[in-house]
Every structure is written in structure tokens, then in C-alpha cells.
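Undergrad: Could you look at this predicted model? Sequence included:
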Amino acid sequence: MSLQFVVDGLLTGSMIGLGAIGVTLTYSILRFSNFAHGDFMAWGTYATLTIVGAIGAIFGKVAPIGPLSFGWPLLVALVAGMAFTALLALLLDKVLFSRLRSQGQAIIVVMASFGASMALRSLLEFTFTSRPTYFSRAIQIAMPVGFGIRITADQIALLLLTAALVIGVHLLMTRTQTGRSMQALSQNPALARIVGIDVARVVRVTWIVGAALACVAGVMIGILVQIRPFMGFDMLLPMFAAAILGGIGSIPGAVLGGLIIGLAEASAVQLIGAEWRAAVSFIILMAVLFVRPIGLFGVRER
Amino acid sequence: MIDLIGYGAFFLTTALIFSLVTLGLNLQWGLTGLFNVGLAGFVAIGAYTSALLTTPDDPARLGGFGLPILVGWAGAMTVGGLAAALTGIATLRLRSDYLAITTFGVAVVVQLVALNAQKLTGGPFGVGFIPRPFGSLAETPLLFNLSNLAIVSAVALITYLALEHLSRSPWGRVLKALREDERAAISLGKSARFYRIQAFAVGGAIMALAGALQAHFTGFIAPDNYLPILTFQVWVMLIVGGSGSNLGAAIGSILVWAIWAGSGTLTSVLFAPEQQARAASLQIVAIGVMLCIILLVRPNGLFGDRPRRARPGKGAEIATTKSRPGP
């Protein structure tokens, strides 16, 4: 067994982990599992793709940065795409989720997110068709780094980006007043309200962070694999499994859970075959639910 | 005229099979409050089990045991019920969302097995030559369609009456009590988890039976029949009809299937063949938006009896002022 699976697993794990941060935040703060989160990913990616296209139409062909497959247009588009995805999430919350939340039945919100997910994904299929597209069709040469492992420049850049984002979100959650409010609300909503935390603001920040990270994860998939309307929906089970494995509400947990699932998937691909990849997260999910339902870093529910 | 009756029979047969799935979902969600977003998986389990048991021997895959159709249906219900019971055992002691996520996973895995376990399921090409009841009548399509309709209606009616009886029985009253006020029901000595697992298993068995009926009606099954869109359609049917009401579940299915088939015909008339796939996705958007609007505007559907009372408990809500004091 070649050690290449470590790189593949870390990359898949980064995508799952970035997505799982959003899942775990919505789950712990807004108290529902958002089945539309995967479709935020796909929408963010298609938005980024569209903006890259628009920049290309205005400025012509832009040379890629160093050994990477993309140039500054993608970076600009990524930031715009993150903003777009955040707006989409806020809009969806305003017209749908917040109204259902105020009716008080948590599971109805889950169902609505399922309906919204179906509608969002089909709308993408309608606009962009289900044919896969790519940010770039250029082939990158993977450089050997020893132990039989090869890695491309894109992959290194994206791993670094993931690390930076995860550290950033972690600092936001632990070192800023906003982050502490978010934690307070997830641990004890009643008490948080009594001490005067602005709930509406925390809800907004939760959607913005979750959706922006979903967009980054989607663009990563777009750069390294391909862009399809179903790309986010297919990530849903690994993301949920990662969030539960890491412990609901824990950001380091979500990332670690994502990395574990990514590595497990990559080694399963080598050992059993790529067609069974999607079963890995289900098996891990079931194992966690039977053995330790609160996950690695979870807090027992009160 | 004959064609029209033939088509009507065909349409109703499909709609009634959907009603059967919706009845199963109504037992799980409407009566017990258990959220199943992987019901396509349970339908698929039923279809494949029955197909495996009743098809003639096929050297390319396991079995084909050539058993009678009724044995296939019984097998489908058993396996579907067991799968649902296992899912319930794993998740029903946890928060309700965990059940949702797990059932979602079940559907993904069933789809994966259907696609990849060629020896068991025939892979992407599916299973053919599934025996059809009254197969000898296939030369006269009208008679064939009508006899199929008769069988499916009979099964749907029996299931409907059985569920009506169950929901009035002491068993059904415990389920309703658990849904309305879990703590009160537990204080009367009812094991919430055990009753819920039972309800989830029976619902799963009904869904599997519906899958088996469908398989024997069309004579051919493939993994594509059991995509998440099926789950979604059935949910819309239940919500439109009104969760909690068996009659609503049945009528909602026929109504939504009429809208679905009608809009499908409409898009095939309105759009050029190369645009059909895109038009079909617009159809899904419309139904998805419809689901969200019904949830917002008329959450009880047409016949629903679900009282709109927030259940205090595990899913502590963020936007309500009512909140349980900590331990």
C-alpha cells in the first residue's frame, strides 16, 4: 500500500472538514441539521466559476501564479463567491428557516432544509446542466516528496489555505466577543439571552461563517476534482459524519473528524475499491452513534 | 376510450403504490414523529428482496429462487422491517436529528449496494424478469392493467384499514401520547424507545412492501428508481395530504402524483427533446418550493391532525421564549 493515500486523505479531509464546520455550527447554534449545506457548497462553487468567467471576459487571459493552475482571478472570485454564498444562506434563513424556527418545531426546519436542498440543486442543474465543468483543464505535474508520495502545487496551496482558515475560525470562536457569544448561545440559549447577547447577530454570523467555508470547500473540490450540481449533496453524509464524530459544536472536532473520514476514505479506495468510498462515512457514523454518540470533543447535552 | 381507461388504471396503480409508501411514512412521522429522509432506501430493500426471492435462477448473480410472489412480499416486509428496526435501535436513544442523518446514510448505502454489488443486485443494469401477477394477461393490456390495479388497491386498502385500526388501538394511543407529551407518557410506564422502534420497523416494512409491489408491477428494477427524489416526492405527498391522517396520506399521494405526472407531460409537450432534462429539473424546483410554502403557510396539509404545539424537550428551540431550566 503506497503512502499516497495520506495526501489524498488529507485533501478530501480538508474539504469535508471545512464543510463540517458549517454543519456543526448550524447544528449547535440554530439547533437543526441543515440538509441544504451541501448545496451552499455547490452554489458557491458555481458562483465562483461564473465570476472567474466574467473576469476572464473583461481582462483576457491571466497568467497563473507560479506553479499553480490558477491566477489572481480565481482568488478574487473566491472571495466574491464566499460573500455570495453567505448572502444566499442569509436569504434562505430570512424567507424560510427563521420563520419555521419561530414556530418552534425543530424537525420541521430539517424537513424544510431538505426541500430547499432539492430545489437549490435542481435550479443549478437547470441553469448549468448536469455536465461536469472545471476551473482549469491544465494538467499539473505532481512532484515526488519521498516515501512514494507525490503532490501538486495546487494541493499544497489548498492544504495551507485550509489550515489558515481553520486557525482563523478557531481564533474567531475563542478570542473574540462574537465567538464567545456563539459558544454561549450553543451551550445555554436561555441564559445567553438573559445576559443580553444579540441573538439575531449571532445567527447571522453563524450563517456567514458556515456558508463562506462551504464555498471554499466547494471551490477546492472544483479545483482538484470537478464541478457538478451534485457535488455538495454527495458531501453531505461525510460532513454530517465528521461533525458527529468530532462532537457537535466543536470546530477542532469537525476538522479532525473530517480528516479522519478523509483518510479512512482514501485508504478504503486503495484497499477495497473506489466504488465503496461513500460507505466509509456511514460505517464511521454508525460506529460513533453506537460507541460514543457525543463524539470526540462533544459536550453531553443538557 | 379504452386507452384512457388503460392509462387511468396505470396511473392509479402507480399512485396507490406511492400511497402505500406514504402510509408507511405517516406511521413513522405523522403518528410517531420519527423523521425518515432515507425512505427510498427502504423501498429499494423491499423491491430487491422480493425480486431476489421470486425471479427465476440467474447464473450471473446470487439466486433467483423462483419462489411464489407472496413469499417475495413477505420477505420484503421482513427484511425492510428488520433494516428499519436496526436503524431505530442505533439512533432512537439520541436526538431526533441523528435519526434523520442515519436514514439519509441508509439510503446512500443501499444505493451503493444496488449499484456495486453485482452478484446480489445486478449492478447498474438492475434485475429483470420479475414475475408479474397475472402475467398471462399481458397480451390484453387493459385487462392486465385493471387486474394490477385491483391487486394494488386491495393491498393499499388492507394496509389502510390495518393502520387505521392500529392508530386507534392502545398501541397507537401510546404513540400519539409519546408524540404529544413524551414525559407524561414515560411517567405512565411506557418505554418511549421501544414503542418508537416498533413504529419505525412497521413503517419500514410497509415501505418495503410498496417497493416489492412496484417491482412486480413493472417487472424490472434498477438503482435509478430509488434516488433521493423518491424520498422527496413521498414527503411532499405526506405534507400535502396532512401528516397524522392516513386518509390525507392516501389522497395527498394521488394528488401530488397527478400534479407530478401532469407537469411531466406538460414539459414534454412544451420543451424540445434536448431541453427535457433541464425542464425536468425545473419541475423538481417547483415541487421543492411548494413543499417549503406548505410548511410555512399550511403545515397541517389538507387533512392533518397534528396540533401545533411546540414540544418542550430535546430540541430546545432558540426563538421561543419558553425554555426548560437546566438540570
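TA: Ah, there it is.

Undergrad: Every contact and neighbour count from this point should use C-alpha atoms.
TA: Noted.

Undergrad: List the residues that contact A:A153.
TA: Counting by Cα atoms under 8 Å, 6 or more residues apart in numbering or on different chains, A:A153 touches A:P67, A:L68, A:Q140, A:A142.

Undergrad: So what's the residue count around the last one?
TA: Residues contacting A:A142 under the criterion other Cα atoms under 10 Å in any protein chain shown number 13.

Undergrad: How about the second one?
TA: The local packing count at A:L68 equals 15, with neighbours defined by other Cα under 10 Å.

Undergrad: Look up how far A:I139 lies from it.
TA: As judged by Cα to Cα, to the nearest Å, A:L68 and A:I139 stand 10 Å apart.

Undergrad: which ones among the contacts of A:A153 are found in strands?
TA: Judged by DSSP state E, strands contain none of the contacts of A:A153.

Undergrad: So which of those belong to helices?
TA: Within those, no residue falls in helices by DSSP state H.

Undergrad: so which of these would you say is closest to A:G249?
TA: A:L68 (34.7 Å; Cα to Cα).

Undergrad: Return the backbone torsion pair for that closest one.
TA: phi -70, psi 170 (degrees, to the nearest 10).

Undergrad: just the helices in the stretch 201-327 of chain B please.
TA: Secondary structure of the stretch 201-327 of chain B (DSSP state H, counting those that start in this stretch): helices at B:228-241, B:246-270, B:276-297.

Undergrad: Compare those helices and give me the one nearest chain A.
TA: helix B:276-297 (4.1 Å; Cα to the nearest Cα).

Undergrad: Just list the residues touching A:G249, thanks.
TA: Applying Cα under 8 Å, 6+ apart, the residues near A:G249 are A:T24, A:L25, A:Y27, A:S28, A:I29, A:S186, A:A243, A:G298.

Undergrad: for it, helix, strand, or coil?
TA: Under DSSP: H, G, I helix; E, B strand; the rest coil, A:G249 falls in the coil class.

Undergrad: roughly how far apart are it and B:S19?
TA: Look at A:G249 and B:S19: by Cα to Cα, they are 39 Å apart.

Undergrad: burial count for residue 44?
TA: Unless you meant another one, I'm taking chain A. Other residues within reach of A:G44, judged by other Cα under 10 Å, total 31.

Undergrad: Chain B is the one I meant
TA: As a measure of burial, B:A44 has 31 neighbours, counting by other Cα under 10 Å.

Undergrad: Please report how far the residue of the stretch 51-200 of chain A found nearest chain B lies from B:A201.
TA: Closest residue of the stretch 51-200 of chain A to chain B, Cα to the nearest Cα: A:A119 (4.1 Å). From A:A119 across to B:A201, the span is 30 Å (Cα to Cα).

Undergrad: just A:V7 next, same as before
TA: A:V7 is 42 Å from B:A201, by Cα to Cα.

Undergrad: For stretch A:178-195, give me every contacting residue.
TA: Residues outside stretch A:178-195 that contact it (Cα under 8 Å, 6+ apart): A:28-30, A:172-174, A:197, A:199, A:202, A:206, A:249, B:318, B:323.

Undergrad: and the residues you listed, which of them are in helices?
TA: A:L172, A:M173, A:T174, A:V199, A:V202, A:T206.

Undergrad: Let me know the closest of those residues to B:G75.
TA: Minimum distance to B:G75 across the ones in helices among the contacts of stretch A:178-195 is 47.1 Å, recorded for A:T206 (Cα to Cα).

Undergrad: After the lowest-mean-pLDDT helix or strand in chain A, which helix or strand is next?
TA: Across the helices and strands of chain A, the lowest-confidence element by mean pLDDT, DSSP states H and E is strand A:143-144, at a mean of 78. Sequence-wise, the next helix or strand downstream of strand A:143-144 (DSSP states H and E) is strand A:150-151.
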